[in-house]
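**Q** sequence plus predicted model, see below.
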Amino acid sequence: MTTANWLEFLFFVALVAISTPLLGNYMAKVYKGEKVPGDRLWRPIENAIYRVCGIDPESEQRWNAYLMSLLVFTAVGVLLTYFVLRVQGHLPLNPDHQKDVKPNLAWNTAISFGSNTDWQNYAGESTLSQFSQTFGLMVHFVASAAVGMALAAAFIRGLTRKGRTTLGNFWVDTIRSSLGILIPLTFVLALVFMSQGVIQNFHAQKTVNTVATQSVDSTGAAVKTQAIPGGPVATWIPIEALGDNGGGYFNANGAHPLENPNPITNVLILWLLAAIPFAFPWTFGRMVGSMRQGAVILVAMSVLFLIGLAILGPLEGNGNPKLNPAGVTQSATASLPGGNLEGKDLRIGSVGSTLDANDITGTSAGLTNSAHESYTPLGGSVPMFQIMLGEVDPGGVGTGLYGMLILVFISAFIAGLMVGRTPEYLGKKIRAPEVKLAAIYILVLPFTALVFSASSIVVGSHLKSISASGPHGLTELVYAYTSMAHNNGSAFGGFTGGTTWFSVTGGITMLIGRFALIIPAIAIAGSLVRKRPVATTAGTLRTDTALFTALLAVVTVIITGLTYFPAVALGPLAEHFTGRF
Amino acid sequence: MQDLAYVLGTIVFVVIGALFIAGCDKIIGPDDVALLEDLPAGEPEPDDEELPIGEVAA
């Protein structure tokens, strides 16, 4: 790694280390309803929304009512977005005269953004109007992220409350997450991104003359013009990253110079992706009154994240071994960043690309700045495996925390069985109902992703959507469904998802991925909130020790390995060992 | 026609979600049973499996 590479990595780590306690403490106060800096600005708006919508902020909901509110809220949001996309040609803010989006694509996109997946079967600059991007999709960046954060707050209450039946109020938690956390940060960060050259406008594409030839037209003449798109991108990027959404305003996403123009914006994006997920364990520690318990989650997340990076970095940084016999220089020079550069933006290089790949798949964002398909086989398997881990290192905004807490329950249950201790967490006994729900939580996504992958292969007419043959083609397909099932949204590349089959099954996969996890997770919280903690005794399994942290990390990997390993073996591992790259 | 199918499909998904919630509710059981476990602080909860009358735990 060059000095610039190390600086990029260290800046990222430093920003996360600084923001974790600051943001963690702030979010804990927001969810406890305490006074926070700046609340004089947004509390009046919050109260006005309650009055207009007829919400009683003091009334609380049982877990099932909380979830029904979420289901209805998401369904209404999806249908509104579907409608906007279907009629965008007749709506304002359409300077490039984009046509109405076809039903298959509109539904897939509405589900995708409503579920915080942001899988994109389209190129934004050539398909969507600025109205659709702003009011159809960007609204979901805030709403879907706020929902994830609200769920995490509700889950924490399930652990902290004793002998109760309610987890809070879905509408209050979601509105506070939006107004108190996401929107203020987005506003400030949009100004920062604008200062760095990210565009913020509503103008049409502008055609400019270029020095170099862009392409050759059908008559063989050189084309020396380029269309420069417009759009409110400086507002889009911070909430895209902060909410772990990941859908790009432009098709090239993080590799587009109008979205990510320089190293400062690149590091800022990397930090924003991880900021809230890493802050949530801190919030958790504050809310449960035990920073040691929060530290266990935070350390386990960090260790898994760094292991992924430590594996991926050298695999891509050392270049493609197949090119070495040809004498291709793959080490860093004054003009080349070094490493395997196929499918990577030369401005960002191998290190910036792998840092992004590990970051976006450890969280639940699809904000790619490189083509994962062009990675070495084992290198490409790391981001896929990060998604398969369940996006818990550090995971999505809120979803990462409760995902890891469910793995804590499983770890405590397994450890309890092994050493004969009572499985408890924060004094609450983990009994059969919680373990059954945790088992549903763990199994439903691998089942969904692998069944739809297998179905796509069986229905062979759809295989033309896969560009590569052999193990690499299988990886393209499995990556796509895994990414959609885990609400990640990043694409491996080389895969065309715009067919009716992939639009419909992809939409179903994303819905299952969102709600088949949320429902059992919040049901667990609804079960735990009723329990009263028991006293700590000699028979209690400690869950705030280094040993338990290690156990948690190992259980996370083993559970993932067992469920997805056959697909990984037939895909990237087979590709690597047969030397097909 | 396709529009109607997608709108209805989304609504059907909400219904499926509601049924899934009801299923999870069955798994965790009614509130009153759990709330009956209103033990004084520090008291351990009873074991899941009750011993037959007259038997003594080892």
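**A** Looks like it arrived, so ask away. In this text, all values refer to a predicted model and were calculated from it rather than measured experimentally.
**Q** burial count for whichever residue of the stretch 301-450 of chain A sits closest to chain B?
**A** Using Cβ to the nearest Cβ, the single residue of the stretch 301-450 of chain A nearest to chain B is residue A:433, 4.6 Å away. Quick note: C-beta positions are derived from backbone N, CA and C, even for glycine. Residues within reach of residue A:433, counting by other Cβ atoms under 10 Å in any protein chain shown, total 18.
**Q** same question for residue A:210.
**A** 11.
**Q** tell me if the longest helix seen in chain B is near chain A.
**A** Using DSSP state H, we find that the single longest helix of chain B is helix B:2-28. Yes. Interface with chain A: helix B:2-28 contributes B:2-3, B:6-7, B:9-11, B:13-14, B:17-18, B:20-22, B:24-25, B:27-28 (Cβ under 8 Å from any Cβ of the partner chain).
**Q** re earlier: my guess is the residue of the stretch 301-450 of chain A closest to chain B is in a strand, correct?
**A** No. Assessed with DSSP: H, G, I helix; E, B strand; the rest coil, residue A:433 is helix; it does not lie in a strand.
**Q** confidence score at it?
**A** Note for residue A:433: predicted pLDDT of 95.
**Q** can you get me a residue count around the closest residue to it other than its chain neighbours?
**A** Distance criterion Cβ to Cβ, 6 or more residues apart in numbering or on different chains; nearest residue to residue A:433, sequence neighbours excluded, is residue B:28 at 4.6 Å. Residues within reach of residue B:28, counting by other Cβ under 10 Å, total 24.
**Q** if I pick residue B:28, what's in contact with it?
**A** Counting by Cβ atoms under 8 Å, 6 or more residues apart in numbering or on different chains, residue B:28 makes contact with A:433, A:434, A:437, A:523, A:524, A:526, A:527, B:34.
**Q** same check on residue A:4?
**A** residue A:263.
**Q** part of a helix, is it?
**A** Yes. The assignment for residue A:4 by three-state DSSP puts it in a helix.
**Q** what pLDDT does whichever residue of the stretch 151-300 of chain A sits closest to chain B get?
**A** Closest residue of the stretch 151-300 of chain A to chain B, Cβ to the nearest Cβ: residue A:165 (5.1 Å). On pLDDT, residue A:165 comes in at 95.
**Q** pretty sure it contacts residue A:529?
**A** Yes. At 6.7 Å, residue A:165 counts as touching residue A:529 under the criterion of Cβ atoms under 8 Å.
**Q** quick one: which of those two has more around it?
**A** Legend: neighbour count by other Cβ under 10 Å for residue A:165 and residue A:529, higher for residue A:529 (26 against 16).
**Q** report the contact partners of the nearest residue to that one once chain neighbours are set aside.
**A** Excluding the flanking residues, the one nearest residue A:529 by Cβ to Cβ, 6+ apart is residue A:158, at 4.3 Å. The neighbours of residue A:158, taking Cβ under 8 Å, 6+ apart as the test, are A:63, A:167, A:522, A:524, A:525, A:526, A:527, A:528, A:529.
**Q** skip the chain neighbours and tell me the closest residue to residue A:152.
**A** Spatial nearest neighbour of residue A:152, chain neighbours left out: residue A:398 (3.3 Å); criterion: Cβ to Cβ, 6+ apart.
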